[in-house]
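# Mind looking at a prediction? Sequence and model below.
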Amino acid sequence: MIGGFDIGGTKCAALIGEDKGSDLEIFDRREFKTEGTPYEVIAKLISVLKQELSDKSKTEKDLTAIGVSCGGPLDGKRGIIMSPPNLPGWDNIRITEIIRKELGVKAYLCNDADASAIAEWKYGAGKGSENMVFLTFGTGLGAGLILNGKLYVGANNFAGEAGHIRLDNQGPCGYGKIGSFEGFCSGGGIARLAKNRVLEILQTGEKPDFCASVSELANITAKSLFGAAENGSKLAKDIFAEVGDYFGLGLSYIIDLLNPERIIVGGVYMRAHKYIEKSMRARIKKECLSVPAKVKVLPAGLGEKIGDYAALSIAANANNR
């Protein structure tokens, strides 16, 4: 039996499950809001995990490992969370050491993008590949890299920070950089891009079909834009097509550099790929070498469960890292 902790800026989850080889079986999952000090949150994760085990007539002695999935920056080798922007106050937290002392179980820490890459590679849309890239495309844009059948993290655990690549000298700001890959291709970036396009139209005196006034601009999100596209809004679809063009440009750098078999994408792409794919593919074809350009770009196969699989995958595949 294995355990998993999924630590996010707004919520955390504790899980127990089992590696079935070609899949993971999740026995229990319980989540709560990320509130309190880092040590209070970790204590609650441990407490919740113990309760899950108790309800299954098990104890921590039945666990072989615990995986911890968390946003970076972090030091996976030493098990230290190092000041993630979405977790204020989590500065140099030696989380795996705490878990080992409290539960007597080996614990492994992994960047959430890397953990999702492992999950999709072993159990999702990346199954059977040797060279695969996973992109988060959610609150931010991070990448997990599976190269030659192993997770690649780089010299200092910073490999895969694709969101920091600049795609344009102008555009939405993401990862502290104007016109970055994350600026165009993340939930927040799409919202900012949409607000700018809508404001331009409003200032001409026209009223877009999903935003009738400047006072409504604040309500625009990637989710609401997707809803507008689903309701037939040409403007919403055009904005997603623009995002797709920039997404294709960003992917072209990754494709020509790493030559992956597959690129698996979560978050916004997982839900809205039908509005992004055409322009994305056109840009990849234009930018990339012909053979690498045939790479498969797929939505995450694990869907909304990817966070759960990610945490457990760290424990299940600790020897492959």
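Sure, I can see it.
# right, and residue 182 touches residue 164 too?
Yes. Between residue 182 and residue 164 there is a contact under Cβ atoms under 8 Å: 7.1 Å. No exception for glycine: its C-beta is placed from N, CA and C like everyone else's.
# So between these two, which is more surrounded?
More neighbours surround residue 182 than the other of residue 182 and residue 164, with 27 against 17 (other Cβ atoms under 10 Å).
# do you know how far that one is from residue 172?
Per Cβ to Cβ, to the nearest Å, residue 182 is found 9 Å from residue 172.
# What of residue 47?
Residue 47 is 40 Å from residue 172, by Cβ to Cβ.
# okay, those two: which has more neighbours?
Counted by other Cβ under 10 Å, residue 47 and residue 172 do not tie: residue 172 has more neighbours, with 23 against 12.
# Would you confirm that the more buried one contacts residue 194?
No. Here residue 172 does not reach residue 194: they are 9.7 Å apart, not a contact under Cβ under 8 Å.
# which residues are common contacts for residue 182 and residue 164?
residue 175 (Cβ atoms under 8 Å, 6 or more residues apart in numbering).
# Show the contacting residues for residue 68.
Per Cβ under 8 Å, 6+ apart, neighbours of residue 68: 4-5, 7, 79, 95-96, 99, 107-110, 311, 314.
# which among the residues you listed gets closest to residue 17?
Checking these against residue 17 with Cβ to Cβ, the nearest one is residue 4 at 7.1 Å.
# Identify the bridge partners of that closest one.
residue 15, residue 67 (DSSP bridges).
# Now do it, the pLDDT please.
pLDDT for residue 4: 97.
# How about residue 321?
So residue 321 comes in at 54 (pLDDT).
# just for the chain, where's the confidence low?
Within the chain, the stretches with pLDDT under 70 are 319-321.
# Show me where it has its helices.
Remark: helices assigned in the chain by DSSP state H are 38-55, 95-103, 112-123, 181-184, 187-202, 222-230, 234-258, 267-287, 306-316.
# which residues do residue 182 and residue 172 both contact?
residue 189.
# Skipping its backbone neighbours, what lies nearest the spatially most central residue of the chain in space?
A centroid search over the chain (Cα atoms, centre = their mean) returns residue 136, at 2.9 Å, as the residue closest to the centre. Excluding its sequence neighbours, the residue lying closest to residue 136 (Cβ to Cβ, 6 or more residues apart in numbering) is residue 142, at 4.7 Å.
# Residue 19 versus the one you found, what's the distance?
25 Å.
# go on, residue 199?
For residue 199, the distance to residue 19 - Cβ to Cβ - is 50 Å.
# Kindly report the same for residue 303.
19 Å.
# With neighbour numbers in mind, choose between the two.
The neighbour count for residue 303 versus residue 19, taken as other Cβ under 10 Å, is higher for residue 19 (19 against 13).
# Show the contacting residues for that one.
2, 312, 316.
# Let me know the closest of the residues you listed to residue 121.
Closest to residue 121, out of all of these and judged by Cβ to Cβ, is residue 316, at 11.7 Å.
# what about the closest one, how many neighbours?
25.
# Not counting its neighbours along the chain, what's nearest it?
residue 19 (3.9 Å).
# any idea how far that neighbour lies from residue 6?
17 Å.
# which residues touch residue 275?
226, 229, 236-237, 240-241, 244.
# Correction: the previous question concerned residue 73.
82-84, 157-158.
# now the contacts of residue 275 in TSV, with neighbour count and distance to residue 72?
Formatted as TSV, the contacts of residue 275 follow (neighbours: other Cβ atoms under 10 Å; distance: Cβ to Cβ, whole Å):
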residue	neighbour count	distance to residue 72
226	17	27
229	21	31
236	27	32
237	18	33
240	30	28
241	17	31
244	24	27
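# May I see the residues you listed arranged in a markdown table, with distance to residue 292 as well?
Listed next are these as a markdown table, based on distance: Cβ to Cβ, whole Å:
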| residue | distance to residue 292 |
| --- | --- |
| 226 | 29 |
| 229 | 30 |
| 236 | 31 |
| 237 | 28 |
| 240 | 25 |
| 241 | 23 |
| 244 | 19 |
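# Out of these, the closest to residue 190 would be?
Nearest to residue 190 among the contacts of residue 275, with distances taken as Cβ to Cβ, is residue 240, at 7.9 Å.
# How much space separates the closest residue to the closest one other than its chain neighbours from residue 194?
Excluding the flanking residues, the one nearest residue 240 by Cβ to Cβ, 6+ apart is residue 275, at 3.7 Å. From residue 275 across to residue 194, the span is 12 Å (Cβ to Cβ).
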